[in-house]
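[1] sequence and predicted model, in that order:
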Amino acid sequence: MPDVPKYDGLQTEILKAPIMKKFQLYGFFKNLRFFEPYLLIILLAWGLNLFQIGLLVLIREVITYVFEVPSGIIADKYGKKNELLVCFVFYIASFVFFFFGSGPNWTVLIFASVFFGLGEAFRSGTHKAMIMLWMDKNNYQDHKTFVYGRTRSWSLLGSALSGILAIFMIIFAPASNWLFLITIIPYILDFILITTYPSYMNEHIPHTQSSWKEMASGFKDIFVALKNRSLVKGLFSSSTYDAIFRTLKDYIQPIIQILIAAMILHLGLSSLNISEEDLISIILGLLYTFFYLLSSFSSKNAYLVKNYFKSAKKGMDIIFYIFGALLLLNALFIYIEIPIVVIFLYLIIYILQNIRRPLCVDYLGETMKKKQRVTMLSVESQIKSILVLIFAPLFGLLGDYSIPLLFLIVGATMFTINLFLRGEGKKITTPKVS
């Protein structure tokens, strides 16, 4: 028999590592958000419109924006593991406020968005940096796409299971707000899991000056790092794409309502002993499960895309253009009211997102310094937050007026944006790894 290639051997070694199982379980529990397949429908049913929902997203993103970079610096200074534990406390507080916010109680929902934003700020980049630290320790640096793709695939399996379980919860729970309360359970499990991570993952930089001076020094380091054009292009390409996906992804939910109405009319389902509301819940849950299962498979094999293009950034650029084209097609098929095709195009969008994200992490990991990973990944998330902060109310207003017009404008804009973000830029001469 021929010798097994070294790369395959390392894949096997990586997958057998006990900490790798914990990385995978972390993502699995984190994505058991039982409310997610129905979030837009739940908030609309509580009496909010798309613009008001956009305002809640705006509040969440403002908080995330304000605390993104400080949270990354805090993690670098005080310990990554400690910060990750704190983020889950914020998430759990958010779910409690969402539980009490139905009605809607606008003030309570604002608090829910604030705590969710804090959770996002303290989580973003931290776990990825811990994974990179483990790869550095074990000389797996060349396999970032493979490792992150595998861990992300487990996150998506969690989302898939969440979709199935959410069907029963939305139908049999006393009220829709209970989905937020039940979501606390997997988040407590994740909190416990993180406490079992090895102590070296609480890596931090020793304090040599006051906290305020260290914070100022951290911001100075950011500005120095952003002189790297390759890093800047990667940050903005990743952030812009993710912000658009994140803002648009739940617009499929009102489209599903159109599909259900058409099914009831054309298939004579009104005679069945099941309400339109329950039909929507079942189909949405099953669709999200299907989306996430295929996305999990795609993420797990994202490293093959990098191998094909010989460059993570080239793969990122091509997928950026494809996303824009899919949004233009979505605008057409929403306008002529063919929801089945719209759902299929959404499926492709989900698959591409979960191929592209591991490529982004790989590329960014190669263009930033080790000691700044959490901080720079937080910068990426902060840019994303700024963009979502702008997009959420704007997309909400456009969506209230015309969803096809929204998709048409965003799709066309993406082609223009990618003309400036494609390519790797001119790399600086300072060493990548310190």
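    That came through, no problem. Numbers count the residues shown, from 1 in each chain.
[2] so which helix or strand takes in Ser381?
    Taking DSSP states H and E as the definition, Ser381 sits inside helix 373-401.
[3] what helices or strands is that helix leaning on?
    helix 50-78, helix 106-123, helix 126-137, helix 211-225, helix 229-248, helix 339-367, helix 403-421 (3 or more C-beta pairs under 8 Å, 6 or more residues apart in numbering; DSSP states H and E). All C-beta spots, glycine's among them, are computed from the backbone N, C-alpha and C.
[4] do that again at 7 Å, thanks
    helix 50-78, helix 126-137, helix 211-225, helix 229-248, helix 403-421 (3 or more C-beta pairs under 7 Å, 6 or more residues apart in numbering; DSSP states H and E).
[5] what sits against the nearest residue to Leu329 once chain neighbours are set aside?
    Closest residue to Leu329 apart from its sequence neighbours, by C-beta to C-beta, 6 or more residues apart in numbering: Leu345 at 5.7 Å. Residues near Leu345 by C-beta atoms under 7 Å, 6 or more residues apart in numbering: 326, 329-330, 333.
[6] mind listing the helices for the stretch 151-300 of the chain?
    Using DSSP state H, counting those that start in this stretch, the helices of the stretch 151-300 of the chain run over residues 178-182, 184-195, 211-225, 229-248, 252-267, 276-300.
[7] continuing past the longest one, what's the next helix or strand?
    Next in sequence after helix 276-300, counting helices and strands by DSSP H and E, comes helix 302-309.
[8] returning to what we had before: of all the helices of the stretch 151-300 of the chain, which lies closest to Ser402?
    Nearest of the helices of the stretch 151-300 of the chain to Ser402, taken as C-beta to C-beta: helix 252-267 at 12.4 Å.
[9] mean confidence for the closest one?
    Across helix 252-267, the average pLDDT comes to 69.
[10] related to what we said a few turns ago, would you list the helices and strands packed on helix 373-401 in TSV and tack on mean pLDDT, mean neighbour count and distance to Ser155?
    Formatted as TSV, the helices and strands packed on helix 373-401 follow (pLDDT from 0 to 100; neighbours: other C-beta atoms under 10 Å; distance: least, C-beta to C-beta, whole Å):
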stretch	mean pLDDT	mean neighbour count	distance to Ser155
helix 50-78	79	22	19
helix 126-137	81	21	10
helix 211-225	54	14	27
helix 229-248	82	22	14
helix 403-421	86	18	25
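[11] in the stretch 51-200 of the chain, where is pLDDT below threshold?
    Applying pLDDT under 70 to the stretch 51-200 of the chain flags the ranges 69, 72, 76.
[12] rerun that using 80 as the cut-off
    Low-confidence segments of the stretch 51-200 of the chain, defined by pLDDT under 80: 61, 65, 68-79, 103, 124-126, 128-129, 140-146, 148-149, 152.
[13] any idea how far Tyr78 is from Leu133?
    15 Å (C-beta to C-beta, to the nearest Å).
[14] related to what we said a few turns ago, could you list which of the contacts of Leu345 belong to helices?
    Among these, the ones falling in helices (DSSP state H) are 326, 329-330, 333.
[15] out of those, which comes closest to Val410?
    Asn330 (9.5 Å).
[16] quick check, that closest one in contact with Val342.
    Yes - using C-beta atoms under 7 Å, Asn330 is in contact with Val342, at 5.7 Å.
[17] ok, these two, which is more surrounded?
    More crowded of Asn330 and Val342, by other C-beta atoms under 10 Å: Asn330, with 29 against 25.
[18] apart from its chain neighbours, what residue comes closest to the more buried one?
    Phe407 (4.7 Å).
[19] roughly how far does the one you found sit from Leu294?
    21 Å.
[20] check Phe111 too.
    Noted for Phe111: a distance of 36 Å to Leu294, by C-beta to C-beta.
[21] thinking again about what came up before, my guess is the residue nearest to Asn330 meets Phe333, correct?
    No - using C-beta under 7 Å as the test, Phe407 is too far from Phe333 to be in contact (9.4 Å).
[22] low-confidence stretches in the stretch 301-434 of the chain?
    Using pLDDT under 80, the flagged stretches of the stretch 301-434 of the chain are 301-313, 337-339, 358, 361-383, 385-386, 388-389, 392, 399-400, 420-434.
[23] how about 50 then?
    Where the stretch 301-434 of the chain drops to pLDDT under 50, the residues are 426-434.
[24] I'd assumed Ser94 was in contact with Gly119.
    Yes - with contact defined as C-beta under 7 Å, Gly119 and Ser94 form a contacting pair (6.1 Å).
[25] quick one: the helices and strands packed on helix 373-401 as JSON lines, columns for distance to Gly158 too.
    Formatted as JSON lines, these follow (distance: least, C-beta to C-beta, whole Å):
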{"stretch": "helix 50-78", "distance to Gly158": "21"}
{"stretch": "helix 126-137", "distance to Gly158": "14"}
{"stretch": "helix 211-225", "distance to Gly158": "32"}
{"stretch": "helix 229-248", "distance to Gly158": "18"}
{"stretch": "helix 403-421", "distance to Gly158": "28"}
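[26] so for Phe28, which of those sits nearest?
    helix 126-137 (12.7 Å).
[27] tell me how far the closest one lies from the chain's centre.
    18 Å (C-alpha atoms, centre = their mean, to the nearest Å).
[28] ok, now stretch 182-191?
    Chain-centre distance of stretch 182-191: 18 Å, with C-alpha atoms, centre = their mean.
[29] show residues contacting that stretch.
    With C-beta under 7 Å, 6+ apart as the test, stretch 182-191 has contacts from 26, 29-30, 32-35, 85, 88, 91-92, 95, 169.
[30] looking at those residues, which is nearest Tyr303?
    Minimum distance to Tyr303 across the contacts of stretch 182-191 is 19.9 Å, recorded for Tyr26 (C-beta to C-beta).
[31] tell me the pLDDT at the closest one?
    91.
[32] right, and the helix or strand after the host helix or strand of it?
    Assigned by DSSP H and E, Tyr26 belongs to helix 18-30. Moving toward the C-terminus from helix 18-30, the next helix or strand (DSSP H and E) is helix 39-45.
[33] what comes up buried for that next one?
    39-44 (16 or more other C-beta atoms under 10 Å).
[34] kindly reformat the residues you listed as CSV containing distance to Phe99 and pLDDT.
    Formatted as CSV, these follow (distance: C-beta to C-beta, whole Å; pLDDT from 0 to 100):
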residue, distance to Phe99, pLDDT
Leu39, 14, 84
Leu40, 18, 81
Ile41, 17, 81
Ile42, 12, 86
Leu43, 14, 87
Leu44, 18, 84
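[35] surely Arg60 meets Phe116?
    Yes - look at Arg60 against Phe116 with C-beta under 7 Å: they come within range, at 5.3 Å.
[36] overlap of the contact sets of the two?
    With C-beta under 7 Å, 6+ apart, Arg60 and Phe116 have no common neighbours.
[37] how close does Leu284 sit to Lys30?
    Taking C-beta to C-beta, one finds Leu284 at 21 Å from Lys30.
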